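Participant: Coordinates for the following, if possible.
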Amino acid sequence: MARESPPPDVPGTASELAADRDAAREAVLDWYAEVHRDLPWRRTDDPYAILVSEVMLQQTQVARVVPRFEAWIDRWPTAADLAAADRRDVLGAWVGLGYNSRAVRLQDACAVVARDGWPEDARGLRALPGVGPYTAAAVASFAFGERIAAVDTNVVRISERLGLGGPDELLPADDRVPTWNQAAMELGAVVCRARSADCPRCPAARWCRSAGRVVVPPRAPSGSRTRFEDTDRYVRGRIVASLAGDEPWPDGIGPERLERALDGLVRDGLVTRTAAGPVLRGSGDDG
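Facilitator: Numbers count the residues shown, from 1 in each chain. You can find the predicted model right below:
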């Protein structure tokens, strides 16, 4: 019979900790093999497809990303295809995913790849435009099998709650590192969530130092958070959608907010002001 876990304030010996860590990892990997979501970017080791998915998934729900990802890959199946596309088309295809500058940085990264080829480790990937530490680690792990922890907010939360070591210590010693990275993110996304830790469903609960006693942070008081519709980001998105032809010009928004949002879009290289009015910046408009 497996040894019962000590309470969170009794860490146990180093050997006990290692044994619990190994057991918890195996339980999570077995759970992931049985119940993981079948997502299109998990069926490939193509670094371009993985990069596109990771950029789209930044602060955007998986259910919204799946159809957009599939349409994107159908339209631009390779990094070279995206690099050669007109920026106006890229921005138009990105409408609704938020943070339109991400689409520009993704295209810029693909232009570097089309010219120089893919870096095959996280260090090289971080040199690409708009690619941060997590995205670089994810692509390096899922596409190239690098032994590196892909540390997003889910992985941080899992390692902190488990209390069995940091993300690097939780990595398996064999070639299942990419699978573990996916499994840890999946666990944090569907079971051990930020505001709802479902310990009875958790495959690692027996060894978790926080099982049954996770403290969920309180929500902000009702009415204390700024509505998305009141942010400049919302106005910027509506302007880009309008210029891409997907929506009418934003209505009911004060002229000062519109001008501020337009100024930001111009500074970010997404929009150009012309005598006829603002237009999306095309690929040939640089310089």
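Participant: Now the helix or strand containing D263: average pLDDT?
Facilitator: Applying DSSP states H and E as the criterion places D263 in helix 255-267. Averaging pLDDT along helix 255-267 yields 87.
Participant: Tell me the helices and strands packed up against the next helix or strand after that helix.
Facilitator: Elements were assigned by DSSP H and E; along the chain past helix 255-267, the next helix or strand is strand 271-274. Counting contacts by 3 or more CB pairs under 8 Å, 6 or more residues apart in numbering; DSSP states H and E, strand 271-274 packs against helix 232-243, helix 255-267, strand 277-280. In this view, the C-beta of every residue, glycine as well, is placed from N, C-alpha and C.
Participant: contacts for the helix holding D263?
Facilitator: N100, D232, V235, R236, I239, V240, P250, V271, T272, R273, P278 (CB atoms under 8 Å, 6 or more residues apart in numbering).
Participant: who's in contact with the first one?
Facilitator: Okay, so that is N100. With CB under 8 Å, 6+ apart, N100 has these contacts: L91, W94, R236, G237, V240, L265, L270.
Participant: same thing but at 6 Å, please
Facilitator: Neighbouring residues of N100 by CB atoms under 6 Å, 6 or more residues apart in numbering: L91, W94, V240, L270.
Participant: and what of the last one?
Facilitator: When contacts are counted by CB under 6 Å, 6+ apart, P278 touches L262, V271.
Participant: thinking again about what came up before, could you check the angle the helix holding D263 makes with helix 232-243?
Facilitator: 80 degrees (axes from the mean of the first three to the mean of the last three CA atoms, to 10 degrees).
Participant: So for stretch 228-235, what gets flagged as buried?
Facilitator: Residues Y234, V235 are the ones in stretch 228-235 that count as buried (16 or more other CB atoms under 10 Å).
Participant: what about the stretch 1-150 of the chain, any weak spots by pLDDT?
Facilitator: Low-confidence segments of the stretch 1-150 of the chain (pLDDT under 70): 1-12.
Participant: From the structure, what's the count of residues near P218?
Facilitator: Burial of P218 is recorded as 7 neighbouring residues (other CB atoms under 10 Å).
Participant: Over to P133?
Facilitator: 13.
Participant: Which stretches in the stretch 1-150 of the chain count as helices?
Facilitator: For the stretch 1-150 of the chain, the helices defined by DSSP state H, counting those that start in this stretch cover 14-35, 47-56, 62-75, 79-84, 87-94, 101-116, 122-125, 133-144.
Participant: List just the one of those that sits closest to P221.
Facilitator: Of all the helices of the stretch 1-150 of the chain, helix 62-75 sits nearest to P221, with 27.8 Å by CB to CB.
Participant: if I pick V28, what's in contact with it?
Facilitator: V28 touches A183, L187, P203, A204, counting by CB under 6 Å, 6+ apart.
Participant: Excluding chain neighbours, give the residue nearest to L128 in space.
Facilitator: With sequence-adjacent residues excluded and distances taken as CB to CB, 6 or more residues apart in numbering, L128 is closest to A109, at 4.1 Å.
Participant: Surely the one you found is in contact with P129?
Facilitator: Yes: applying CB atoms under 6 Å as the test, A109 and P129 come out as touching, 4.8 Å apart.
Participant: who has more neighbours, the two?
Facilitator: A109 (23 against 13).
Participant: dump the residue contacts of W76.
Facilitator: Per CB under 6 Å, 6+ apart, neighbours of W76: L82, A85.
Participant: rerun that using 10 Å as the cut-off
Facilitator: Y48, V52, L82, A83, A84, A85, D89, V90, A93, Q107, C110 (CB atoms under 10 Å, 6 or more residues apart in numbering).
Participant: The first one touches T78, doesn't it?
Facilitator: Yes: counting by CB atoms under 10 Å, Y48 sits close enough to T78 to count as a contact (6.0 Å).
Participant: Looking at the two, which one has more neighbours?
Facilitator: Applying other CB under 10 Å to Y48 and T78 shows that Y48 carries more neighbours, namely 24 against 15.
Participant: nearest spatial neighbour of that one, skipping sequence neighbours?
Facilitator: Distance criterion CB to CB, 6+ apart; nearest residue to Y48, sequence neighbours excluded, is A79 at 4.5 Å.
Participant: is it true that that neighbour touches V112?
Facilitator: Yes: under the criterion of CB under 10 Å, A79 makes contact with V112 at 8.9 Å.
Participant: Mind listing the shared neighbours of the two?
Facilitator: Common neighbours of A79 and V112 (CB under 10 Å, 6+ apart) are W118.
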